[in-house]
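> Dropping the sequence and predicted coords here.
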Amino acid sequence: GWEHYLSCDENPDPAVLWEINTFMSLWREDQNKDIKLVMEKGEQVLNLIEKLQFLLLDAPSNQITEKEIVQYQESILELQNLLQEKYNGATEHLLKTACMCEDSETGNMHAVIKDKNVTFCIWVNLKKKVRFKNHVFCDAQHGFDLPKSLAVSSVAVRILHTHYDHVSPLWLQCQSVPKLEVLDSKELTQDSKDDVEEPGEEGNKANEEPSIPAKEEPSMPAEETWDRRKVGKKPRQRMFYIAAVTRGPVEETSEKEEAKPDENIVDLQQFVLVGGVYHINALQVPRQVKQVKDWSMVELRDVGLEAYPYPSEEAEDAIHPPIEITLRLSDNVMYFATPVIARWDPAGQQWRTDDISNVTYETEEKSITFKMGAFYTIALLQDAHINMPYQGWELQPTGTDEALLIVTTVFAVIQIQIKGNQCMLSSVVVEEKEVLSHITGKWISPLNLREVLKKAGVNIFPGECSYTYLSLNKKVSARVEAKAYQQMALLASAFAFARSKWNLEAGQEQVVFKVSEHLKAESVKDKDWSLYLFNGQKAQKLKLTETSEAFSEEIEENSEFHSTIYHMLKDFSSKEAVDKVETASFLFIDVVYQLLLATRVLTYS
């Protein structure tokens, strides 16, 4: 609210119910149906939805009530529905005046109108000639081929490509980062008695991010115990109430186990929607506007936008040929394999893959052609875990309260810079080429970074159930993993960390990773890495190296066990490195922790 007040813009505060309701009422009453104005207003609506989703994901649990959660979700749904209504109203207006924009070559009307959020393609069959049954929208490269029965009918075809997804259930759009610590409820004790440091404005920003339980906050230990002066106050557990009325993960009941699962239903934990949604509609063409002298006469019928039924109800038993569709895929997203094409089933509130056939994917042209038995809302999906497990990862300091996280997958190398309380996607390299330049070079929060990367098809953020979809050799204990990330974040200002191949053989109760003191700009040489083992209670330096023949827990000579990695590294570190760790900003430590927790590099590599 305070940030909104300081911004002094004319937008309503979406968290204030009367403001958002007034905004929606005023737009509903606005009769201007110009498609370009709808697109402009649409951008404002998308920003309001994004703010509400951010509040749901990021507001501390002690600052948001159950009533507010429900209110924000209802506002999101209303804004989404209103935006779609306005696109339908603008489409209806275009259809009534189609004859005024007919193409001189075919006698039909076609148009493409687009901005950064939407590509709107419309084709109106005014002449009803069989030879004009297919069309490619030049500015968008989307196209269709109609059955002959539609080519001689009074039909319009609309392909409305929204780069956002307002179709999938809300529980999917509001997924938060899985919290490793919530797996151990004993750890979830709030301890604010020792809070003696009131964070300023920047501190509050940090507290808005996924927190660490008070017992295990990565603040600076003066001895081998945790000092709680910099404790966040919100181990956060958030429920999404709309999940109860939309399709969520299938519950495991005895009845479900007996029933054979429907293979045509898309599992939204296994697949992620990439590139937005394509609303492909056949529409009734209303009576056209007539010019009588200086007057334009248009029929007023309060029926709204009418769908053209295909296949028609009479032709249930008759053979009805499919519609062929070609979609040019967006350059702003990455598909690492042939996308899965799914259609939205409004009755079942799910994405389905049946009634779609003859799929042809052209990698070079970035286009996909397929046939469908009726007109559907279509989405392209990608395996959510196509970039997992990672082939490698490295976290290295690059300056005061600055670091670089590199995640290497089978298909891409992702570099994320960290500075203070923000991070930046610095590059995504695929086949030695930099891609997705539209999202690189911008300083944002870890939460926003996760959203933009997933939206672009580069998912390096495992979900709660990701483990069940990957054949990983082991699953690290959540308690050990969370504690390891806290220690790594604490030390990230002066030490580099990286993947060790021995981590896979260390067992479920401990992790192994490479560590090196890193105070200079150049990359770490192989000889400078040492291996450390950590099991949550005990840290030790290993005699083992990456080139050893077999895994061994034998401890390095002249070293001893410690309760934390911090105290373990102090034995082998320069005073300069220890001083740098002790003066690191807790905002920086928190961002590093969030990114490690979101990517879960110790389990998924």
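Arrived safely.

> pretty sure Q537 is in contact with S563, am I right?
Yes - the criterion here is C-beta atoms under 8 Å, and Q537 meets it with S563 at 6.5 Å. All C-beta spots, glycine's among them, are computed from the backbone N, C-alpha and C.

> Which parts of the stretch 301-450 of the chain are strands?
323-328, 340-345, 350-352, 356-362, 367-372, 377-383, 392-399, 402-408, 412-419, 422-430, 433-435, 443-444 (DSSP state E, counting those that start in this stretch).

> Out of the ones you listed, the one nearest K454 is which?
K454 lies closest, by C-beta to C-beta, to one member of the strands of the stretch 301-450 of the chain: strand 377-383, at 10.2 Å.

> Paired strands for that closest one, with orientation please.
With DSSP bridges as the test, strand 377-383 is paired with strand 271-284 (antiparallel), strand 340-345 (antiparallel).

> hey, where'd the helices end up in this structure?
According to DSSP state H, the chain carries its helices in the segments 2-7, 17-29, 35-58, 66-96, 148-151, 170-173, 201-207, 254-258, 446-455, 478-491, 565-570, 575-582, 586-599.

> Identify whichever of these lies nearest to N332.
Checking the helices of the chain against N332 by C-beta to C-beta gives helix 446-455 as the closest, at 8.8 Å.

> Grab the CA positions of the closest one and hand them over as PDB.
The C-alpha trace of helix 446-455 is given here as PDB (Å, rounded to 0.1, in the frame of the first residue of the first chain):
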ATOM      1  CA  PRO A 446      14.300 -13.900  -6.900                       C
ATOM      2  CA  LEU A 447      10.500 -14.500  -7.000                       C
ATOM      3  CA  ASN A 448      10.200 -12.500 -10.200                       C
ATOM      4  CA  LEU A 449      13.200 -14.200 -11.700                       C
ATOM      5  CA  ARG A 450      11.600 -17.600 -11.100                       C
ATOM      6  CA  GLU A 451       8.400 -16.500 -12.900                       C
ATOM      7  CA  VAL A 452      10.100 -14.900 -16.000                       C
ATOM      8  CA  LEU A 453      12.400 -17.900 -16.500                       C
ATOM      9  CA  LYS A 454       9.500 -20.500 -16.100                       C
ATOM     10  CA  LYS A 455       7.300 -18.400 -18.500                       C
END
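
> Which other helices and strands does it contact?
With contacts taken as 3 or more C-beta pairs under 8 Å, 6 or more residues apart in numbering; DSSP states H and E, helix 446-455 sits against helix 35-58, strand 422-430, helix 586-599.

> again, 6 Å this time
With contacts taken as 3 or more C-beta pairs under 6 Å, 6 or more residues apart in numbering; DSSP states H and E, helix 446-455 sits against helix 586-599.

> quick check, distance from the helix it packs on to the centre of its chain.
18 Å (C-alpha atoms, centre = their mean, to the nearest Å).

> What's the mean pLDDT across it?
Confidence over helix 586-599 (mean pLDDT, whole number) is 94.

> and that helix with strand 392-399, angle?
Interaxial angle of helix 586-599 relative to strand 392-399 (axes from the mean of the first three to the mean of the last three C-alpha atoms, to 10 degrees): 170 degrees.

> now helix 586-599 and helix 446-455, what's the angle there?
Here helix 586-599 runs at an angle of 30 degrees relative to helix 446-455 (the same axes, to 10 degrees).

> Could you list the buried residues of helix 586-599?
Buried positions in helix 586-599, judged by neighbour count with 16 or more other C-beta atoms under 10 Å: 586-599.

> Next, format those residues as TSV and append distance to N134.
Formatted as TSV, the buried residues of helix 586-599 follow (distance: C-beta to C-beta, whole Å):
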residue	distance to N134
F586	61
L587	57
F588	57
I589	59
D590	55
V591	52
V592	54
Y593	55
Q594	50
L595	48
L596	51
L597	50
A598	45
T599	45
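
> Among the residues you listed, list the two that are farthest apart in space.
Greatest spacing in these, by C-beta to C-beta: F586 and T599 (20.6 Å).

> How about E517: what's its closest non-neighbour residue?
Nearest residue to E517 in three dimensions, chain neighbours excluded: A577, at 5.0 Å (C-beta to C-beta, 6 or more residues apart in numbering).

> what about that neighbour, how many neighbours?
Using other C-beta atoms under 10 Å, A577 has 20 neighbouring residues.

> That one contacts V515, correct?
No - using C-beta atoms under 6 Å, A577 is not in contact with V515, being 11.2 Å away.
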